[in-house]
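1. Provide a 3D model corresponding to the input given below.
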Amino acid sequence: MNRKNVATVTLNPAIDHTIFVSTFTPNGLNRAEAVEYHIGGKGINVSKVLSKLGCSSVALGFLGRNALFFEEELNAVGIETDFVEVLGRTRTNIKVIDRSSSGCTEINEPGPFVDTASWENLVKKVTSWAGNCDYVVIAGSLPPGLPPDSYQLLIREVKKQGAKPVLDAEGEALKKGLEAVPFMIKPNIHELEGLIGKQLAGNKEEMLSVCQELLSTGISVVVISMGSEGSIYADKDGVFRVYPLSLEVKNTVGAGDAMVAGLIHGMIEGLQAERLAAFGAAVSACQIADDFGKLKQFAEEVRVERWV
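-> Residues are numbered from 1 along each chain as shown. Below you'll find the model as predicted:
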């Protein structure tokens, strides 16, 4: 087992079927202008972006028998794989991109059922790799068959091995996972609202309070992505408002996953606080613009404001 910078865990991967239309019409006929198929799932997306950044990772999770080609595609770009094969089919997630508004309509399938033996096998693999990685990204939805505290168990096992767990989830999986105190979390604003049980106006005082409350639980880094409004980065050194760049939007799919990859890569490179927040946003912008050649330019252009 070769040591890696990062292990990513995707318990419910997906074949991302992305359809581009000029203007999306609900309850009407829509004609596709272009169609793309990609291997996906939040952890897998993080590994793919880390590869573009020159950062080594291993991808773990469950794969149905219709998706064993995932391993070949990931291996082809230098990502090691260690998946558990399960009965049933890996899900297909449909994303409809409205080019007129840059909006995205998503339809996500539930995924294959995971039995106890497969889960125990996966836990052993994650535990083993956690002893050979600096960070372990645990991301996405839970497949049928796994209880809401599944991420909580993985986080505890990862911490025992000395790696830093990064959690990007929603709903009960996020709530239960926080009880194990991950190193970093990156909910989007809607996932955060679900966690705290109320809508957020997004103003400075409100967001400061939420970030500081989360940090007080022992989480080291809190990042809240807010779509076109940018993001908020918080750690022991302060809370920062990160403003979005003005971009030609090609595709917003995976923008949050790219931010996670950028933040982890930045941490490995020794970036801190303000520069780290800017770098994470820049990597996300590269994903949105579909142009990683502009990473240095974007990192210099991102505006970061210290709140505290």
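2. all strands for the stretch 201-308 of the chain, in order.
-> Using DSSP state E, counting those that start in this stretch, the strands of the stretch 201-308 of the chain run over residues 221-225, 231-235, 238-242, 304-306.
3. Switch these over to TSV; also include mean neighbour count and distance to residue 278.
-> All C-beta spots, glycine's among them, are computed from the backbone N, C-alpha and C. Below are those laid out as TSV (neighbours: other C-beta atoms under 10 Å; distance: least, C-beta to C-beta, whole Å):
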stretch	mean neighbour count	distance to residue 278
strand 221-225	24	12
strand 231-235	24	9
strand 238-242	21	7
strand 304-306	14	5
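4. Columns distance to residue 285 and mean pLDDT on top of those strands, output as CSV?
-> What follows is those, written out as CSV (distance: least, C-beta to C-beta, whole Å; pLDDT from 0 to 100):
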stretch, distance to residue 285, mean pLDDT
strand 221-225, 12, 97
strand 231-235, 11, 98
strand 238-242, 11, 97
strand 304-306, 13, 97
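5. nearest to residue 249, of the ones you listed?
-> strand 221-225 (15.1 Å; C-beta to C-beta).
6. between that closest one and strand 231-235, how big is the angle?
-> 170 degrees (axes from the mean of the first three to the mean of the last three C-alpha atoms, to 10 degrees).
7. Residue 86 touches residue 119, doesn't it?
-> No. Taking C-beta atoms under 8 Å as the definition, residue 86 is not a contact partner of residue 119, at 9.5 Å.
8. Give me the more crowded residue out of those two.
-> residue 86 (25 against 20; other C-beta atoms under 10 Å).
9. Got the confidence number for that one?
-> In this model, residue 86 is scored at 96, pLDDT.
10. same deal with residue 27?
-> Note for residue 27: predicted pLDDT of 96.
11. Same check on residue 188?
-> For residue 188, the model assigns a pLDDT of 96.
12. now swap in residue 236 and tell me
-> The model reports residue 236 with a pLDDT of 96.
13. again, but for residue 250
-> For residue 250, the model assigns a pLDDT of 86.
14. residue nearest the centroid of this protein?
-> Centroid check for the chain by C-alpha atoms, centre = their mean gives residue 257 as the closest residue, at 3.3 Å.
15. That one: what's it in contact with?
-> Going by C-beta atoms under 8 Å, 6 or more residues apart in numbering, residue 257 touches 42, 45, 46, 49, 139, 168, 287.
16. what's the answer for residue 37, then?
-> 15, 16, 17, 18.
17. Of those residues, which is the nearest to residue 135?
-> When the contacts of residue 37 are ranked by distance to residue 135 (C-beta to C-beta), residue 16 comes first, at 23.7 Å.
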